[in-house]
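> Fold the following for me, if possible:
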Amino acid sequence: MSFLDCICCGFGAVIILLVLTKSAEPVIAEQTPITLAAREAQLQQIAEETAAEREALEAQLAAAREGKAAAGRELASLKLTADTMLDKTTEAREEKAVATTIEERLATARQTLTEEMRRLQATQPRRVASDAVAGIPVDSEYVIFVIDTSGSMQQFAWRSVVQKMNEALNAYPKVKGMQVMSDEGEYMYSTYARQWIPDTPGLRKTVLERLRGWQPFSNSSPVEGIEAAIRTFAAPDKKVSIYVFGDDFTGTSIDDVVRTVRRINPRDARGRPQVRIHGIGFPTQYGSSGATPGGVRFATLMRILAEENGGTFVGLQTSQ
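Predicted coordinates:
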């Protein structure tokens, strides 16, 4: 009996151990379609939010760049205005000093002049406003330069262009306004578009410096620039001259250009056009074999326009 009791107790202990130590099989959680759809929607929302934030940042960056560019343009405009005001102040100071000196010298001269000297002084010929320099009338109060900026001009004649423009400005010690346009009618300074650039020594120097590196698009035809200058700046109460610098004419008809200029640049009661047109021809289209058709057509066009509009055409022999 004791043996059977031991056997039973041992068997029961084994059963209890099996019950206590038996572990369940691992449960693998499978994602249901609903869970996957929710996760996908969440990721899609995150992606959209990220894209929206990126677009907002790009818009802010573009606005910042535009603001920087606008600030640069405004700074350039303010600098030009400051230069203008400084030149005007300096010019006014110099004019006052010169006027004072002249008055003092005149007062001294009046005291020493004899009757005979006064008589001789009255008979001396005076230079009239219509005098010309190198055959070109310089009686205008406003001057416009229409410049061909094509490749041939830039490559072969640009140094001469700067020099001739300086010489033309020197022929006018003082004008009421000036302007510089390309043969396409593009303004050198957009801040002075459709208005006159004040004439000061500082601005003359600035314009010439800008001209040295100025390269707007050109179709090698001065027609657009001439027409734009006349339509914008011609006025019966202003004496305006246009100086056309070029070497080539690629337009289709000289007659059409001449007729258009006749229409938009009418003559007054005394037969004088509102705007004088002068031409300076640069010989980049001339070689050992003669002139190109475009070079001949430019010279022909400018001779006619100058003759009909109170101006002068000058053909240069060298581009240096």
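> what's the helix or strand for Gly67?
helix 33-112 (DSSP states H and E).
> average pLDDT for that helix?
Helix 33-112 shows a mean pLDDT of 75 in the predicted model.
> so what does it touch, helix or strand wise?
For helix 33-112, the elements it packs on are helix 201-212, judged by 3 or more C-beta pairs under 8 Å, 6 or more residues apart in numbering; DSSP states H and E. C-beta here means a position set from N, CA and C on the backbone, and glycine is covered the same way.
> List the buried residues in the helix it packs on.
Within helix 201-212, the residues scored as buried using 16 or more other C-beta atoms under 10 Å are Gly202, Leu203, Arg204, Thr206, Val207, Leu211.
> likewise stretch 307-320?
In stretch 307-320, counting by 16+ other C-beta under 10 Å, buried: Asn309, Gly310, Gly311, Thr312, Phe313, Val314, Leu316, Ser319.
> related to what we said a few turns ago, tell me the one among the buried residues of helix 201-212 nearest to Glu184.
Of all those, Leu211 has the smallest distance to Glu184: 15.7 Å, by C-beta to C-beta.
> What does the pLDDT read for the closest residue in space to the closest one that isn't next to it in sequence?
Nearest non-adjacent residue to Leu211, counting by C-beta to C-beta, 6 or more residues apart in numbering: Val162, 5.5 Å away. For Val162, the model assigns a pLDDT of 96.
> Quickly note the distance from Ile254 to Arg263.
Using C-beta to C-beta, to the nearest Å, one obtains 15 Å as the distance from Ile254 to Arg263.
> Neighbour count: these two, which is higher?
Applying other C-beta atoms under 10 Å to Ile254 and Arg263 shows that Ile254 carries more neighbours, namely 17 against 9.
> Apart from its chain neighbours, what residue comes closest to the more buried one?
Nearest to Ile254 is Leu301, by C-beta to C-beta, 6+ apart, at 5.0 Å.
> so how many other residues sit close to that neighbour?
Residues within reach of Leu301, counting by other C-beta under 10 Å, total 27.
> And Asn170, by the same measure?
If we define neighbours as other C-beta under 10 Å, then Asn170 has 10 of them.
> which residues does the nearest residue to Lys174 once chain neighbours are set aside contact?
Nearest-residue entry for Lys174: Asp199, 6.3 Å, with adjacent residues in sequence omitted and distances by C-beta to C-beta, 6+ apart. Neighbour list for Asp199: Lys174, Val175, Lys176, Gly177, Met178 [criterion: C-beta atoms under 8 Å, 6 or more residues apart in numbering].
> which one of these sits closest to Ala76?
Once C-beta to C-beta is applied, the member of these that ends up nearest Ala76 is Met178, at 18.8 Å.
> The closest one against Tyr192, yeah?
No: using C-beta atoms under 8 Å, Met178 is not in contact with Tyr192; the gap is 9.5 Å.
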